[in-house]
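Student: model the following, please.
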Amino acid sequence: MNKPTVFIHTNNQQMLGALLAAHSFRKHSRHADRFDVKLLRLEETPHLYRREGQSYLRMGKLAVWHNDDLQSFSPLRRMVPQIMGFEGRALVTDPDVFSVGGDVWELLSCDLGDKALLCRNLPASQGGGEGRWATSVMALDCARLAHWRWDDQIDAMFAGRLDYKPWIQLVDEDPRLIGELPEVWNSLDKLEPETRLLHMTERLTQPWKTGLPIDFNMNFQGLGGQLRRWLRDRGLIGARRRYQPHPDERQEAFFFELLKECLENGTVTERFLRDAIAAHDVRPDVFDKVAQAGYRRVAA
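Tutor: Next comes the predicted model:
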């Protein structure tokens, strides 16, 4: 039987978040020796990564797959049971999900009863609705998900037989197999006393991106003139579109405290940060931000 495993699916652009997430899961668990934490990287997944420039079905229309999309890791969520050999327990999370005190062992060891997985309903504000699920955090009984043949499903998506959107939201899944994950285990941009896992879903204000040019698609078609001017004045339309400061100073401080800890324990190196800055994946003043959190830089 496989050891229970947390899989953080990511791509190179979101590696900093993934590394901090892994640290937070181990830090806040009293049973960190009883589970593994693994990064599942798009760049190490040739069956999807080789699809650059190919068309796939999304929301009833053909779209073009780009590996450098900020969220190109998302299809890897449904790969985890296959990786586990369809046995054992797993937890899959986005790379921008961090423990603020929640012990992930509770999700890896809880009684699922007659359910194959736990996740929370996708809020309407994020395109959800009845029967649509937020698969960004899922607790999985892999033995009960033997029908998640990921390679075959990816092939079907690029052949135009499987639509990405309902697939990623589990619309195709038997609802009797899905249990409700409490909101505190996938708290979407809300840091409250009861929050266990904080999910920084708002790409525009991710704390490690502030000030960088926006590198994901923002659809402004159909906006009124006044709203377009408001957005343009704030650098959100046109060539100078930029990531914005996080509106919650507590969440920004939380993130940079995590980064300080990871620099001090070697989970993240200064060389890694310098390379990420050069690749425009991390804000250029990141060392100033961790210095404010108390980190003493080793190399200039």
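Student: so residue 158 is in contact with residue 55, correct?
Tutor: Yes: the pair residue 158 / residue 55 is scored as a contact, 7.1 Å apart, by C-beta atoms under 8 Å. Where you see a C-beta, it was placed from the backbone N, CA and C, and this is true even at glycine.
Student: quick one: which of these two has more around it?
Tutor: residue 158 (18 against 15; other C-beta atoms under 10 Å).
Student: local confidence estimate at that one?
Tutor: For residue 158, the pLDDT comes out at 98.
Student: now do residue 132
Tutor: The score at residue 132 is 87. That number is its pLDDT.
Student: checking residue 8 next. Helix, strand or coil?
Tutor: Secondary structure assignment for residue 8 (DSSP: H, G, I helix; E, B strand; the rest coil): strand.
Student: now for the chain, the helix or strand with the poorest mean pLDDT.
Tutor: Ranked by mean pLDDT, DSSP states H and E, the weakest helix or strand in the chain is helix 225-233, scoring a mean of 49.
Student: how much space between the residue nearest to residue 280 when sequence neighbours are not counted and residue 188?
Tutor: Excluding its sequence neighbours, the residue lying closest to residue 280 (C-beta to C-beta, 6 or more residues apart in numbering) is residue 212, at 5.7 Å. Computed with C-beta to C-beta, to the nearest Å, the distance linking residue 212 and residue 188 is 22 Å.
Student: what are the ranges of the strands in the stretch 1-150 of the chain?
Tutor: 5-10, 36-41, 55-58, 61-64, 89-93, 97-99, 117-121, 133-141 (DSSP state E, counting those that start in this stretch).
Student: can you put the ones you listed in CSV and add distance to residue 273?
Tutor: Compiled in CSV, the strands of the stretch 1-150 of the chain are given as follows (distance: least, C-beta to C-beta, whole Å):
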stretch, distance to residue 273
strand 5-10, 16
strand 36-41, 17
strand 55-58, 34
strand 61-64, 32
strand 89-93, 22
strand 97-99, 18
strand 117-121, 32
strand 133-141, 25
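Student: of all those, which lies closest to residue 295?
Tutor: If you check each of the strands of the stretch 1-150 of the chain against residue 295 by C-beta to C-beta, strand 97-99 wins as the nearest, at 17.7 Å.
Student: now do that closest one: which elements does it pack against?
Tutor: With contacts defined as 3 or more C-beta pairs under 8 Å, 6 or more residues apart in numbering; DSSP states H and E, the packing partners of strand 97-99 are helix 15-27, strand 197-199, helix 249-265.
Student: now do that strand, average pLDDT.
Tutor: For strand 97-99, the per-residue pLDDT averages 98.
Student: who touches the closest residue to residue 3 other than its chain neighbours in this structure?
Tutor: Once flanking residues are discounted, residue 3 sits nearest to residue 36: 5.4 Å by C-beta to C-beta, 6+ apart. By C-beta atoms under 8 Å, 6 or more residues apart in numbering, the contact set of residue 36 is 3, 4, 5, 6.
Student: thanks again, I'm all set now.
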